[in-house]
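In: I'll drop the sequence and a predicted model, then ask my questions.
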Amino acid sequence: MLKTFTLQTHTREELVDITSQVRETVSKILKSENKDCGVAIVYTKHTTSGLTIN
């Protein structure tokens, strides 16, 4: 299942925490498919953006 997030930034360089959006989406998908675990793949398709995973 593919889900897309669209983010709006307000400055040239900005760090946006999407942890809650990803967590909520994964939780909804797992409940709808009656599963208790899964894999989330998060990526950005724009060349001037990046992901930081902690």
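Out: Okay, I see it.

In: Where do the helices of the chain begin and end?
Out: In the chain, helices defined by DSSP state H lie at 19-32, listed in chain order.

In: what residue lies at the spatial centre of it?
Out: Centroid-nearest residue in the chain: residue 22, 4.1 Å away (criterion: C-alpha atoms, centre = their mean).

In: From residue 12, how far off is that one?
Out: Applying C-beta to C-beta, to the nearest Å, the value for residue 22 to residue 12 is 24 Å. In short, each C-beta sits where N, CA and C put it, glycine included.

In: again with residue 28
Out: Distance from residue 28 to residue 12, by C-beta to C-beta: 33 Å.

In: Comparing the two, which shows the higher neighbour count?
Out: residue 28 (12 against 6; other C-beta atoms under 10 Å).

In: Mean confidence (pLDDT) on stretch 10-27, please.
Out: Here stretch 10-27 scores 91 as its mean pLDDT.

In: quick one: buried residues of it?
Out: Buried residues in stretch 10-27, defined by neighbour count with 16 or more other C-beta atoms under 10 Å: residue 25.

In: how far away is residue 48 from residue 5?
Out: From residue 48 to residue 5 the distance is 17 Å (C-beta to C-beta).
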